[in-house]
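*Asks:* below is the sequence, then the predicted model.
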Amino acid sequence: MSDVARNDHPTPAPCADPPAQGEGKETVFAGRIISIARSWIGTPYRHQASLKGVGCDCLGLVRGVWRELHGTEPELPPAYQPDWAERSGEDRLRNAARRHFGAELTATEMRSGDLLLFCWRPDLPAKHAGILCADNRFIHAYEQAEVIESALVPSWRRRIAGVFRFPEKV
């Protein structure tokens with residue numbers, strides 16, 4: 001993770017409790033996603049791991065939320081290095097999201113419970129993932145730290161490379 005991104009993490013305030021169905025932009029399903037993601041907060045950062053309370057990286061967090069929602073993961077990621085996106089040049093994270101989450105949404109369509117993919121520069125593949133929990137906050141595994149909730153400040157917003165909605169059924 002870049003040093004710029006590291007400076008954007010004040011002590012987070014928790015997301016508000018999800019509104020009842022029909023209120024605002026959040027559905028009951030989105031509230032469930034957020035609740036699951038929040039239950040991972042404090043899980044230590046561990047590259048390639050995906051075990052709540054023990055360790056995960058950003059992909060491991062998304063995989064863990066998927067498992068709690070749907071059971072078995074649709075595919076297991078191959079082994080990857082921390083710099084895998086720069087090495088291959090292939091947008092593997094975005095391609096996997098398209099396969100399993102469906103159509104990519106625009107940033108204006110994003111809502112609580114959505115998967116956010118980030119890239120460090122517009123010409124690079126997506127390399128980081130998080131889950132939007134409010135209009136201005138998201139949950140992600142923070143490199144060399146733990147799963148945290150962060151403000152979706154301008155330096156994070158401009159790095160959004162993709163927005164995907166978790167499928168309700170698989």
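*Replies:* On my side now, so go ahead. No experiment lies behind these values; they were computed from the predicted model shown. Numbering: from 1, shown residues only.
*Asks:* tell me which residues touch Gly64, please.
*Replies:* When the contact criterion is Cβ atoms under 8 Å, 6 or more residues apart in numbering, the partners of Gly64 are Ile36, Trp40, Ser50, Leu51, Lys52, Cys56. (Glycine included, C-beta is placed from N, CA and C.)
*Asks:* closest one to Ala107 out of those residues, please.
*Replies:* Distances from Ala107 to these, taken as Cβ to Cβ, are shortest for Ile36 (23.3 Å).
*Asks:* follow-up on the earlier one: please indicate which of the contacts of Gly64 are buried?
*Replies:* The neighbour count (16 or more other Cβ atoms under 10 Å) marks Ile36, Trp40, Ser50, Lys52, Cys56 as buried among the contacts of Gly64.
*Asks:* which residues touch the last one?
*Replies:* With contacts taken as Cβ under 8 Å, 6+ apart, Cys56 has the following neighbours: Trp40, Thr43, Tyr45, Arg46, Ala49, Ser50, Arg63, Gly64, Ala141, Val147.
*Asks:* before we move on, what SS does His140 have?
*Replies:* Using DSSP: H, G, I helix; E, B strand; the rest coil as the criterion, the local structure at His140 reads strand.
*Asks:* how about the contacts of Gly64, which pair is most distant?
*Replies:* Greatest spatial distance in the contacts of Gly64: Ile36 and Leu51, 14.0 Å, computed using Cβ to Cβ.
*Asks:* I'd assumed Ser150 was in contact with Arg137.
*Replies:* Yes - at 6.8 Å, Arg137 counts as touching Ser150 under the criterion of Cβ atoms under 8 Å.
*Asks:* quick one: which of the buried ones among the contacts of Gly64 is nearest to Glu104?
*Replies:* Using Cβ to Cβ, Ile36 comes nearest to Glu104 of those, at 22.2 Å.
*Asks:* thought Arg67 was touching that closest one, still the case?
*Replies:* No - at 9.3 Å, Ile36 and Arg67 do not qualify as touching, with contact defined as Cβ under 8 Å.
*Asks:* follow-up on the earlier one: so which of the buried ones among the contacts of Gly64 are in strands?
*Replies:* When DSSP state E defines the strands, the subset of the buried ones among the contacts of Gly64 inside them is Ser50, Cys56.
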